[in-house]
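*Asks:* sequence? don't have it. structure:
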């Protein structure tokens, strides 16, 4: 098994249905949050993102994350925070989750690597850049404010993702139809 995978499951009714369920789960988990969207926000959305990547792979995972972002920030928006940069970040987030978690051997080390890459690229770099562009806040000062939260959340999110994916793996959910008529 390689470290990364670049394939997604075939687009079937079962996969589309699972994607819809995972998108709705991610929207709900992301809405359970504390803090400001404009600076530091703690939410449970990372669980939904990991599940999307685990089941849908990088490309369908990226598309599912874009749909999640559009639903969260247009239809269910509580503030005017829609920005195409965040949608791009959502796509990248789904690609990262899918490429590291889809059809890969699950381990605590993989969860730590996944969360580190996810937090570094999407949270620390992209989100800070988008906030910088939107509110003209100096990038370096904003990053300095945001980094403690990211460093604290990295091990916590890694362990939670590992535990959730381990529990999901035990359910033995398959995306392929094994019943032949």
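*Replies:* Looks like it came in fine. The model shown is predicted, which means the values in this text are computed figures rather than measured ones.
*Asks:* can you check which helix is longest in the chain?
*Replies:* The helix that spans the most residues within the chain, counting by DSSP state H, is helix 139-170.
*Asks:* which neighbouring elements make contact with it?
*Replies:* When contacts are defined as 3 or more C-beta pairs under 8 Å, 6 or more residues apart in numbering; DSSP states H and E, helix 139-170 packs onto helix 45-70, helix 108-118, helix 128-135. For every residue, glycine as well, the C-beta is placed using N, CA and C.
*Asks:* who wins for proximity to residue 83 among these?
*Replies:* Across the helices and strands packed on helix 139-170, residue 83 has its closest neighbour in helix 128-135 (5.9 Å, C-beta to C-beta).
*Asks:* show me what that closest one is packed up against.
*Replies:* Packing partners of helix 128-135 (3+ C-beta pairs under 8 Å, 6+ apart): helix 84-101, helix 139-170.
*Asks:* now render those as a markdown table, adding mean neighbour count and mean pLDDT.
*Replies:* Shown next, in a markdown table, are the helices and strands packed on helix 128-135 (neighbours: other C-beta atoms under 10 Å; pLDDT from 0 to 100):
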| stretch | mean neighbour count | mean pLDDT |
| --- | --- | --- |
| helix 84-101 | 22 | 96 |
| helix 139-170 | 15 | 94 |
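*Asks:* so which of those is nearest residue 72?
*Replies:* Once the helices and strands packed on helix 128-135 are compared by C-beta to C-beta, helix 84-101 is nearest, at 8.8 Å.
*Asks:* thinking again about what came up before, adding mean neighbour count, write the helices and strands packed on helix 139-170 out as TSV.
*Replies:* TSV is the format used below for these (neighbours: other C-beta atoms under 10 Å):
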stretch	mean neighbour count
helix 45-70	25
helix 108-118	18
helix 128-135	16
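*Asks:* need those helices in TSV (columns: distance to residue 147).
*Replies:* Output for those, formatted as TSV (distance: least, C-beta to C-beta, whole Å):
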stretch	distance to residue 147
helix 45-70	17
helix 108-118	13
helix 128-135	9
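*Asks:* okay if I get those helices as TSV plus mean pLDDT and distance to residue 152?
*Replies:* As requested, the helices and strands packed on helix 139-170 are exported to TSV (pLDDT from 0 to 100; distance: least, C-beta to C-beta, whole Å):
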stretch	mean pLDDT	distance to residue 152
helix 45-70	96	13
helix 108-118	97	12
helix 128-135	92	16
